[in-house]
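Student: Starting from these lines, generate the structure:
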Amino acid sequence: MKCCLVTGATGFIGRHVIRRLLAEGWQVLSISRNATLAISQHHEHVALDLHDPAAVDGLLKTRRPSHLIHLAWEATPGKFWHSTENFRWVSSSAFLLDAFVRHGGEKAVLAGSCAEYKWENSPLDEGTSPLNATTYYSASKLAFMALAGVIAKDISLVWARIFFPYGPDEDESKLISYIFREISAGRLPAIQAPDRAVDMIHVGDVAAALECLAASEPVGTVNICSGVAHLPHEIALECARLLDKDTLIPALDERVRQAKATSTLQGENSRLIGIWDKKPMSLSDGLKSYLEK
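Tutor: Numbering: from 1, shown residues only. Prediction:
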């Protein structure tokens, strides 16, 4: 049985990745700072500080996982963009990957970010779109990507550029959770950037795509995105329909008709689809998961 080490196990994406791996028959070894209960006989969780090199090396030496999905990073909402914690994560992630390689690792899938791109009003693709680090976060991700290419030159390596994941168990400050709360209360949401369209992908699809990248042969950079960008009021209108808030629909419908995207952040996902052989769920289907919360 293949064994995959998952870091950031208790994070938003990490929880879904673990469940997906187990559903696909993997043995899972997960890490977070705090202990948590394993969720199946094929899942072992270890409380470990990834900034402790000796502990990391000891774990990799004794467990020797064949695969790695590295998600852990500085992710404090509203702070991670310019936090100096990003610098520590470059060093700690490099040591983790080095230990993984030294102790027999075969394939690593590392979480990158769409923030690494120069945001332009055209689809962003892995091969030709320019990169442009403008924050501590994006610069640190690119620095680790460069290091990873050297450290893992003798094994299979995927750099997964994740766009904007969403789902019902996301942080309550996230856009869609905010929109759902306002619509549920019968209020029109106050949108700060109504003319900015972004590419959002359901966290369940993110987890499925990461598992597929770990299990398959392709390597290199892969966008994890839906390939479609939505304006906030388009999302709000769909929420109102799902929640049967008929009194809000006319106003939202009018805002959608008047809306014009002056800024579009959209990924190109043909490489992902070619590997995954599946299309990400539509916005409507993704939003339905919030009703099951």
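
Student: All the helices of the stretch 51-200 of the chain, residue numbers only.
Tutor: With DSSP state H, counting those that start in this stretch as the criterion, the stretch 51-200 of the chain has helices at 53-63, 85-102, 136-151, 175-184.

Student: I'd like these written out as JSON lines, with mean neighbour count and distance to residue 218 added.
Tutor: In this view, the C-beta of every residue, glycine as well, is placed from N, C-alpha and C. As requested, the helices of the stretch 51-200 of the chain are exported to JSON lines (neighbours: other C-beta atoms under 10 Å; distance: least, C-beta to C-beta, whole Å):
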{"stretch": "helix 53-63", "mean neighbour count": "15", "distance to residue 218": "24"}
{"stretch": "helix 85-102", "mean neighbour count": "19", "distance to residue 218": "19"}
{"stretch": "helix 136-151", "mean neighbour count": "19", "distance to residue 218": "16"}
{"stretch": "helix 175-184", "mean neighbour count": "19", "distance to residue 218": "30"}
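
Student: nearest to residue 224, of those helices?
Tutor: helix 136-151 (13.6 Å; C-beta to C-beta).

Student: quick one: contacts of that closest one?
Tutor: 73-74, 80-84, 86-87, 89-90, 93-94, 97-98, 101, 108, 110, 112-113, 115-116, 131-133, 157, 159 (C-beta atoms under 8 Å, 6 or more residues apart in numbering).

Student: Send me whichever strand or helix holds residue 19 as CSV with only the CA atoms.
Tutor: Residue 19 is part of helix 12-23, with elements assigned from DSSP states H and E. C-alpha atoms of helix 12-23 as CSV (Å, rounded to 0.1, in the frame of the first residue of the first chain):
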residue,chain,number,x,y,z
PHE,A,12,-8.9,23.7,5.2
ILE,A,13,-7.4,21.8,2.3
GLY,A,14,-5.5,19.2,4.3
ARG,A,15,-8.6,17.7,5.9
HIS,A,16,-10.2,17.0,2.5
VAL,A,17,-6.9,15.7,1.1
ILE,A,18,-6.7,13.1,3.9
ARG,A,19,-10.2,11.9,3.3
ARG,A,20,-9.7,11.7,-0.5
LEU,A,21,-6.4,9.7,-0.1
LEU,A,22,-8.1,7.2,2.3
ALA,A,23,-11.0,6.8,-0.1
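
Student: taking the mean pLDDT, what do you get for that helix?
Tutor: Computed over helix 12-23, the mean pLDDT rounds to 96.

Student: Of all the residues in that helix, which ones are buried?
Tutor: Judged by neighbour count (16 or more other C-beta atoms under 10 Å), helix 12-23 contains these buried residues: 12, 13, 14, 15, 16, 17, 18, 19, 20, 21, 22.

Student: Format those as CSV; extra columns: distance to residue 175.
Tutor: Formatted as CSV, the buried residues of helix 12-23 follow (distance: C-beta to C-beta, whole Å):
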residue, distance to residue 175
12, 14
13, 17
14, 21
15, 20
16, 19
17, 22
18, 25
19, 24
20, 24
21, 28
22, 30
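
Student: Closest to residue 180 out of those?
Tutor: residue 12 (16.1 Å).

Student: re the thing from before, of all the helices of the stretch 51-200 of the chain, which lies closest to residue 27?
Tutor: helix 53-63 (9.9 Å).
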